[in-house]
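Novice: Here's my sequence, what's the structure:
(2 chains)
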Amino acid sequence: MNRRRFLSAAASGGAVLVGSGTLAPAVAAATEDELAYANFGAATELLLQNFYGRVGEEKLFSGQLAKAFARGRFAAGEHAAALAALLTGAGQTAPLEEDFDFAWPEGTFANKRSAATAGSTIAEALLGTYLTAAATSPTDSFRVLHASLVASLGEQLSTLSLARSRPAIGNSFPAALDLEAANAAVESFLG
Amino acid sequence: MTALAGTASARSQQDPLTIYAAASLTEVFRVLDPAQRYSFGASNALETQIRQGAPADIYASAAPLNTQNLFGAGLVEKPVTFTANRLALIVPKSNPAGIRSVYDLRSKPVKLVIAGPAVPVGGYTRTVLRKLGLSSVLSKVVSQESDVKAVTGKIALGQGDAGFVYITDARPVSDQVTVVRIPAWAQPRVRYEIAVVSRSSNKTAAQQWIRTLLAAEGQATLRNAGFLPLPKSKS
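Specialist: Purely as a prediction, here's the structure:
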């Protein structure tokens, strides 16, 4: 999709703005697969939001990284809200944080590296499913949303990689994941 | 443990309460208070019976819809949420279809057993499948049962390859079935509500029974049976 088509899809393909400018597609004709990805995404974004919150509480990072993770928390909340709006628009019940009993293995927040590794696992699962959703969705506006989510998760993964003392730019071609594989990656965190 | 035994003994000079309760509460309510008279079944069927004048003092449903229907009709007092649950996929111990993940339902030939759509667990099952993007496996359903215990029984007896039940229903047959976890993000909000039946002649005792169920010991017994704590906020 070139830039013109991307913007056209966003403008005329049913995409709407929610929250503070978050992109969310109209959902009148959402397929079950699209909504399944939205369900996983909404729940896992809440998990990621919780992760960033814990990172902030533990004061593991300072300076630019601390600011970036605070922004990551905001982004995860926006993503969750956009996907929740999509689900409720389609007549489904959107997940809430209180639906989950997030489980952080002992030592997750013991140091910078362990925390950033857990965050990377979650962000990679999200990015992988958003890639698959962007590639398989039959609806322009859904593809726009998922492409946008991929871009945001890419930024977050880069920051998390730096926090692990790894290069900011990793895989040239991050892996696309189906829901089963992505779920396996984060299931233990979701409780 | 008989958490509500005190209630029962206090009522020893009275008739027992008649409690209509969701089938999934069968074991735990009998443990909580064996002194009362129970009628267990699908919540929708019990709702119908109460509408038709069944002599119940208390109604406990596995779905708010059923209690709210009766409350709207003035047939029960204001319902309260008292516990929550999760769904699970169960397979016979022999696992003839080789089901290891809920996603295997899509790729393997399976004889699937579920509850009917009007039964709470049947509705929740369809919600789970929709959330997972697996509604197509409904074409593999060989039997739609009238309540969750019938689903559990069929799988325990090997009359189906897999069935959707509440996680608490798998416990009593844990020597006969294996639980396959359903992802947390695909779980429906399973909330149990309870209410005093409006035409009960034992309203005071029924209200006391519910208060005891909501108190610490009643809640502990529910959790010991695998039920979830009261929801953190919204019911």
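
Novice: make it CA atoms for all contacts and neighbour counts henceforth
Specialist: Noted.

Novice: mind exporting stretch B:147-164 as CSV, just the C-alpha atoms?
Specialist: Output in CSV follows, covering the C-alpha atoms of stretch B:147-164 (Å, rounded to 0.1, in the frame of the first residue of the first chain):
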residue,chain,number,x,y,z
ASP,B,147,-26.5,-28.4,31.2
VAL,B,148,-22.8,-28.4,32.0
LYS,B,149,-22.9,-31.6,34.0
ALA,B,150,-24.2,-33.5,30.9
VAL,B,151,-21.3,-32.1,28.9
THR,B,152,-18.8,-33.2,31.6
GLY,B,153,-20.4,-36.6,31.9
LYS,B,154,-20.2,-37.3,28.2
ILE,B,155,-16.5,-36.4,28.0
ALA,B,156,-15.7,-38.3,31.2
LEU,B,157,-17.4,-41.4,29.7
GLY,B,158,-15.5,-41.0,26.4
GLN,B,159,-18.7,-40.2,24.4
GLY,B,160,-17.0,-37.2,22.9
ASP,B,161,-13.5,-36.1,22.2
ALA,B,162,-13.7,-32.6,23.8
GLY,B,163,-16.2,-30.4,25.6
PHE,B,164,-16.5,-26.9,27.0
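
Novice: what comes up buried for that stretch?
Specialist: B:147-156, B:158-164 (16 or more other C-alpha atoms under 10 Å in any protein chain shown).

Novice: So what's the gap between it and the chain middle?
Specialist: Remark: stretch B:147-164 is offset 15 Å from the chain centroid, using C-alpha atoms, centre = their mean, to the nearest Å.

Novice: ok, back up a step: next step: the buried residues of stretch B:147-164 restricted to helices.
Specialist: Residues of the buried residues of stretch B:147-164 located in helices (DSSP state H): B:148-156.

Novice: And the strands in chain B, which stretches?
Specialist: In chain B, the strands defined using DSSP state E lie at B:18-22, B:37-41, B:58-61, B:80-85, B:87-92, B:112-115, B:141-145, B:162-166, B:177-180, B:190-196.

Novice: would you turn the ones you listed into CSV with distance to A:Ala70?
Specialist: Formatted as CSV, the strands of chain B follow (distance: least, C-alpha to C-alpha, whole Å):
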stretch, distance to A:Ala70
strand B:18-22, 45
strand B:37-41, 50
strand B:58-61, 43
strand B:80-85, 33
strand B:87-92, 35
strand B:112-115, 45
strand B:141-145, 47
strand B:162-166, 38
strand B:177-180, 37
strand B:190-196, 33
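
Novice: May I see the ones you listed arranged in CSV, with mean pLDDT as well?
Specialist: Shown next, in CSV, are the strands of chain B (pLDDT from 0 to 100):
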stretch, mean pLDDT
strand B:18-22, 98
strand B:37-41, 98
strand B:58-61, 98
strand B:80-85, 97
strand B:87-92, 98
strand B:112-115, 98
strand B:141-145, 98
strand B:162-166, 98
strand B:177-180, 98
strand B:190-196, 98
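
Novice: Dump those to CSV, plus distance to chain A.
Specialist: Below are the strands of chain B laid out as CSV (distance: least, C-alpha to the nearest C-alpha, whole Å):
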stretch, distance to chain A
strand B:18-22, 22
strand B:37-41, 27
strand B:58-61, 20
strand B:80-85, 11
strand B:87-92, 14
strand B:112-115, 20
strand B:141-145, 19
strand B:162-166, 16
strand B:177-180, 13
strand B:190-196, 10
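
Novice: wait, which of the ones you listed is closest to A:Pro138?
Specialist: Proximity to A:Pro138 (C-alpha to C-alpha) singles out strand B:141-145 among the strands of chain B, at 28.2 Å.

Novice: Could you spell out the sheet neighbours of the closest one, each with its direction?
Specialist: Strand pairing for strand B:141-145, determined by DSSP bridges: strand B:112-115 (parallel).

Novice: who's in contact with the strand it pairs with?
Specialist: B:121-123, B:125, B:138, B:140-148, B:151, B:154-155, B:160-165 (C-alpha atoms under 8 Å, 6 or more residues apart in numbering or on different chains).

Novice: same thing but 10 Å
Specialist: For strand B:112-115, the surrounding residues in contact (C-alpha atoms under 10 Å, 6 or more residues apart in numbering or on different chains) are B:42, B:89-91, B:105, B:121-126, B:137-152, B:154-155, B:159-165.

Novice: For B:Gly98, give its distance to chain A.
Specialist: B:Gly98 sits 17 Å away from chain A, going by C-alpha to the nearest C-alpha, to the nearest Å.

Novice: Contact partners for that residue?
Specialist: Counted by C-alpha under 10 Å, 6+ apart, B:Gly98 has contacts B:91-92, B:104-105, B:108-110, B:161-162.

Novice: my guess is A:Ala68 meets A:Thr159, correct?
Specialist: Yes - counting by C-alpha atoms under 10 Å, A:Ala68 does reach A:Thr159; the two are 7.4 Å apart.

Novice: now the end-to-end length of stretch B:108-121.
Specialist: 23 Å (C-alpha to C-alpha, to the nearest Å).

Novice: chain center to that stretch: distance?
Specialist: Going by C-alpha atoms, centre = their mean, where stretch B:108-121 is centred and where its chain is centred differ by 15 Å.

Novice: now stretch B:85-95
Specialist: Distance, stretch centre to chain centre, for stretch B:85-95: 15 Å (C-alpha atoms, centre = their mean).

Novice: Tell me the span between the first and last residue of that stretch.
Specialist: 24 Å.

Novice: Run a quick neighbour tally on B:Val119.
Specialist: Neighbour count of B:Val119, defined by other C-alpha atoms under 10 Å in any protein chain shown: 25.

Novice: Kindly report the same for the one 10 residues further on.
Specialist: Using other C-alpha under 10 Å as the criterion, B:Leu129 is surrounded by 21 other residues.

Novice: Which residues are in contact with it?
Specialist: Contact analysis of B:Leu129 by C-alpha under 10 Å, 6+ apart lists A:32, A:36, B:102-103, B:135-138, B:182, B:186-187.

Novice: Give me the distance between it and B:Tyr192.
Specialist: Counting by C-alpha to C-alpha, the gap from B:Leu129 to B:Tyr192 is 21 Å.
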